[in-house]
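> quick one: sequence plus predicted model below, questions after.
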Amino acid sequence: LNRGDLDALLAALEIGQRRVRELVERRGPDGFERAMRGTMDRTEAAARAVLRDIPPGTYDFVEYFEDDYVSELPVRLQARLTSRGDGTVELDFHGCDPEVGAAINLPTGGRRHHPFLSLALVNFVVTHAAGLHPNAGILRCVDLVLPEHSVVNASLPAACGMRFSTAMRVHELVLGALNQAVPGRVPAGGSSALVVTYVATEDRVVVANPVQGGSGGGPHCDGVAAADYPANFLRSVPAEILEAEIPVLVRRFGLRPDSEGAGRHRGGFGVDYALEVLDPRAVVIMRGKDRHRFGAWGAHGGGAGAPGANDVRTADGATAGLGKVTVFRPALGDVCTVSAGGGGGFGDPLDRPVADVLADVADGLVSAARARDVYGVVVLDGVVDPERTRALRERGRRTGATFDLGPGREAWQRRWSAVSDLLADALPALPHRLRRLAQREVYRALDRASAGDPAPITRESAATAWKQVCTGLGITI
């Protein structure tokens, strides 16, 4: 099967090479090169026209991986978007965490332009420039400032096998800045997690499915279910094909009810992907799990999406959470389910048309209880009660913040945001191989000192712990 795929790729490349050669023979090398550069120049001009609409100024946003896969310490991502007013922008990633032990480090070579860090801006340009030819002309308009030895500019020998997870999260990071710069023109945060699920038997390893969550709701439409914008080029593996190739049964592959971030335009629903492995020697491998605590953020009154999850149901019906286990060895009869989170909502849920809420209830995607409690729509026996709905919506309306980060992230930030901000400024002063270690030790010291008290940690306490950790490592600051 893989040989057939590779043969098809090589054949496509050979055809492309032949056609390029024909163009060069017909137009000459100079004419061919002028055409290429002219196409990129036209794209650059169109991109500048779109980016010129971003008001001059700076716009900051912070995102997180909820942990680094080897500890419970989150990984901070920070971007400062600066619009110069001339159709060019700068993304400054100072404040991002140092390289981590897991494979989410993104090697970018310190390049001034890099497509993985510019996905959100490329999508913004393509969406607002009709007839644009997407090419490197867009990237000419986006300058990157990348701190060395950081998770967005890693160096050898940093692990980077799941680097596209970071590219997806940076997409949401830049979307957060754009939501402040051009409110009403970009969507809320998407699930930005991609769980690549494999099944390994004695004689082969097969990708069962790349499991995605939903995209964020936007200013004009709902989010897309089971697909997020940075990775919507991926396709699902048909259950029939998978079951014919390896000893598995796909027990469920469907949308996950009540997982959407509520909003005037709701986020896309996540999915439940459930596999039963029929070979007792087989192993299920799940890479890239995240958003189990920090769900996708909602914007402009919209709610956060539901977090993801991973569990197993045994043959006797008992269910247990698997958390972020990467390699799972199921027993016969076990059904392993990867549940992806939903996208964030956009706008006040109480402004969502009643007919749209009713349609989601009728489709089994939104429960009647959620329709009542979140959208203010009372559905009884499949019919809307107009009087009770009107009363609920009038009573429940409130002015929301620009972002709803979700309960998991908000709880973490209430306690640790001062520590995270201080370390973002302080860590670059250390030798890069000590940065993550020192960061982890500061959090451990403060956690021990608080003795389980969930009260916010002050910046003063963080500064004291920082000095003590540096002293213990033999570093003078």
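Perfect, thanks for sending it.

> tell me, what residue is most central in the chain?
residue 192 (1.7 Å; Cα atoms, centre = their mean).

> that one in helix, strand or coil?
Three-state assignment for residue 192 (DSSP: H, G, I helix; E, B strand; the rest coil): coil.

> the nearest residue in space to residue 309 that is not next to it in sequence and residue 213, how far apart?
In space, and not counting its chain neighbours, residue 309 is closest to residue 339: 4.3 Å by Cβ to Cβ, 6 or more residues apart in numbering. Yep, even glycine has a C-beta here, placed from its N, CA and C like the rest. Separation of residue 339 from residue 213 (Cβ to Cβ, to the nearest Å): 9 Å.

> higher neighbour count, the two?
Neighbour totals were compared for residue 339 and residue 213, and residue 213 leads with 35 against 21 (other Cβ atoms under 10 Å).

> thought residue 291 was touching that one, still the case?
Yes. Residue 213 is within contact range of residue 291, at 7.0 Å (criterion: Cβ atoms under 8 Å).

> common neighbours of these two, please.
By Cβ atoms under 8 Å, 6 or more residues apart in numbering, residue 213 and residue 291 have these common neighbours: 191-193, 308, 341.

> the helices in the stretch 151-300 of the chain, which residues?
163-181, 239-245 (DSSP state H, counting those that start in this stretch).

> report the buried residues of the shortest one.
If you call a residue buried by 16 or more other Cβ atoms under 10 Å, then helix 239-245 has these buried ones: 239, 242.

> what mean pLDDT does that helix get?
Averaged over helix 239-245, pLDDT sits at 94.

> the longest one now?
Per-residue pLDDT over helix 163-181 has a mean of 97.

> mind giving me the packing neighbours of that helix?
strand 57-65, strand 75-83, helix 119-128, strand 194-200 (3 or more Cβ pairs under 8 Å, 6 or more residues apart in numbering; DSSP states H and E).

> the shortest one packs against which elements?
Taking 3+ Cβ pairs under 8 Å, 6+ apart as the contact definition, the neighbouring helices and strands of strand 194-200 are helix 163-181, strand 205-212, strand 271-277, strand 283-287.

> go again using 7 Å as the cut-off
In terms of contacts (3 or more Cβ pairs under 7 Å, 6 or more residues apart in numbering; DSSP states H and E), strand 194-200 is packed against helix 163-181, strand 205-212, strand 283-287.

> highest mean neighbour count out of the ones you listed?
With neighbours defined as mean count of other Cβ atoms under 10 Å, the helices and strands packed on strand 194-200 peak in mean count at helix 163-181, which reaches a mean of 24.

> that one vs strand 57-65, what angle?
With axes from the mean of the first three to the mean of the last three Cα atoms, to 10 degrees as the basis, helix 163-181 and strand 57-65 are set at 140 degrees to each other.

> alpha carbons only: can I get helix 163-181 in PDB?
Output in PDB follows, covering the C-alpha atoms of helix 163-181 (Å, rounded to 0.1, in the frame of the first residue of the first chain):
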ATOM      1  CA  ARG A 163       5.900  20.200  15.700                       C
ATOM      2  CA  PHE A 164       2.700  20.700  13.800                       C
ATOM      3  CA  SER A 165       0.800  20.700  17.100                       C
ATOM      4  CA  THR A 166       2.700  23.800  17.900                       C
ATOM      5  CA  ALA A 167       2.000  25.300  14.500                       C
ATOM      6  CA  MET A 168      -1.700  24.700  15.200                       C
ATOM      7  CA  ARG A 169      -1.600  26.300  18.600                       C
ATOM      8  CA  VAL A 170       0.300  29.300  17.100                       C
ATOM      9  CA  HIS A 171      -2.500  29.700  14.600                       C
ATOM     10  CA  GLU A 172      -4.900  30.200  17.600                       C
ATOM     11  CA  LEU A 173      -2.300  32.400  19.300                       C
ATOM     12  CA  VAL A 174      -2.200  34.800  16.300                       C
ATOM     13  CA  LEU A 175      -6.000  34.600  16.000                       C
ATOM     14  CA  GLY A 176      -6.200  35.900  19.500                       C
ATOM     15  CA  ALA A 177      -4.200  39.000  18.600                       C
ATOM     16  CA  LEU A 178      -6.200  39.500  15.400                       C
ATOM     17  CA  ASN A 179      -9.500  39.300  17.400                       C
ATOM     18  CA  GLN A 180      -8.200  42.400  19.200                       C
ATOM     19  CA  ALA A 181      -6.800  44.200  16.100                       C
END
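
> could you give the angle of it to helix 119-128?
Helix 163-181 runs at 60 degrees relative to helix 119-128, counting by the same axes, to 10 degrees.

> low-scoring stretches of this structure, by residue?
398-400 (pLDDT under 70).

> quick one on the thing from earlier: look up phi and psi at the residue nearest to the centre of the chain.
phi 40, psi 40 (degrees, to the nearest 10).

> any idea how far it is from residue 288?
Using Cβ to Cβ, one obtains 10 Å as the distance from residue 192 to residue 288.

> equivalent analysis for residue 29, please.
Here the criterion is Cβ to Cβ. By it, residue 29 lies 44 Å from residue 288.

> more neighbours: which of these two?
Set residue 29 next to residue 288 and count neighbours by other Cβ under 10 Å: residue 288 wins out with 21 against 9.

> give me the phi and psi for the more buried one.
phi 90, psi 10.

> give me every residue that touches it.
Counting by Cβ atoms under 7 Å, 6 or more residues apart in numbering, residue 288 touches 162, 165, 193-196.

> what does residue 194 give?
By Cβ under 7 Å, 6+ apart, residue 194 lies in contact with 164-165, 168, 210, 212, 231, 288.

> cool, and residue 374?
By Cβ under 7 Å, 6+ apart, the contact list for residue 374 reads 262, 303, 349.

> ok, now with 10 Å
By Cβ atoms under 10 Å, 6 or more residues apart in numbering, the contact list for residue 374 reads 258, 260-263, 266, 303, 345, 349-350, 352, 357, 366-367, 396.

> quick one on the thing from earlier: adding distance to residue 276, write the contacts of residue 288 out as a markdown table.
Formatted as a markdown table, the contacts of residue 288 follow (distance: Cβ to Cβ, whole Å):
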| residue | distance to residue 276 |
| --- | --- |
| 162 | 26 |
| 165 | 27 |
| 193 | 23 |
| 194 | 23 |
| 195 | 17 |
| 196 | 19 |
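
> give me the three-state assignment for the closest residue to residue 166 other than its chain neighbours.
Of all residues beyond its chain neighbours, the one nearest residue 166 is residue 106 (4.4 Å), with distances taken as Cβ to Cβ, 6+ apart. At residue 106 the chain is in coil, as set by three-state DSSP.

> picking that back up, now the helices and strands packed on helix 163-181 in TSV, with distance to residue 19?
Shown next, in TSV, are the helices and strands packed on helix 163-181 (distance: least, Cβ to Cβ, whole Å):
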stretch	distance to residue 19
strand 57-65	42
strand 75-83	39
helix 119-128	25
strand 194-200	33
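
> ranking those by burial, who's on top?
strand 75-83 (a mean of 22).

> same for the strand or helix carrying residue 444, what does it pack against?
Using DSSP states H and E, residue 444 falls within helix 432-450. Counting contacts by 3 or more Cβ pairs under 10 Å, 6 or more residues apart in numbering; DSSP states H and E, helix 432-450 is packed against strand 75-83, helix 407-426, helix 459-472.
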